[in-house]
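>>> output the structure for:
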Amino acid sequence: MKALRETASISLRRALLPAAVFCTLLTGATEAHAATLVVDRDKAQCPNAPYESIQQAVKSQRPGTSRPHA
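Prediction:
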């Protein structure tokens with residue numbers, strides 16, 4: 001009887017593992033985003049660039065900081 005319960009428990013875990021992985025990936029995918037940050041120190045190539053240095057652009061992407069609109 002004990003062996004039967006252990007086998008059933010293992011089978012249940014194997015059946016639920018793909019669902020757990022799928023849910024984890026689905027949750028993570030909703031939080032991912034990408035942004036193109038335009039940097040131009042002298043504004044010669046891109047006069048509307050909101051950042052003058054890479055460091056300034058990176059700092060603007062930290063949570064809780066405001067982001068300029070290009």
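>>> the helices in this protein, which residues?
2-31, 54-60 (DSSP state H).
>>> which parts of the first one are buried?
In this case it means helix 2-31. Buried residues in helix 2-31, counted by 16 or more other CB atoms under 10 Å: none are found. Using the backbone N, CA and C atoms, a C-beta is placed for each residue, glycine as well.
>>> wait, Ser53 sits on Val39?
Yes: Ser53 lies in contact with Val39 (CB atoms under 8 Å); the separation is 6.6 Å.
>>> neighbour count for these two, which is higher?
Of the pair Ser53 and Val39, Val39 is the one with more neighbours under other CB atoms under 10 Å, namely 15 against 11.
>>> excluding chain neighbours, what is closest to that one?
Tyr51 (4.6 Å; CB to CB, 6 or more residues apart in numbering).
>>> count of residues packed around that neighbour?
19.
>>> next one: it relative to Gly64, how far apart?
Using CB to CB, to the nearest Å, Tyr51 is found at 18 Å from Gly64.
>>> with Gln56 instead?
16 Å.
>>> over to Asp42?
Distance from Asp42 to Gly64, by CB to CB: 30 Å.
>>> which residues touch Leu37?
For Leu37, the contact set (CB atoms under 8 Å, 6 or more residues apart in numbering) comprises 51, 57-58, 60-61.
>>> filter those to the buried ones?
Members of the contacts of Leu37 classed as buried by 16+ other CB under 10 Å are 51, 57.
>>> low-confidence ranges, this protein, go.
Residue ranges of the chain with pLDDT under 70: 1, 4, 27-33, 65-70.
>>> domain-wise, how is it divided?
Annotated domains of the chain cover 1-32, 34-65 [automatic domain parsing].
>>> now the last one, how far from the centre of its chain.
With CA atoms, centre = their mean, to the nearest Å as the basis, the distance from the averaged C-alpha position of domain 34-65 to the chain average is 20 Å.
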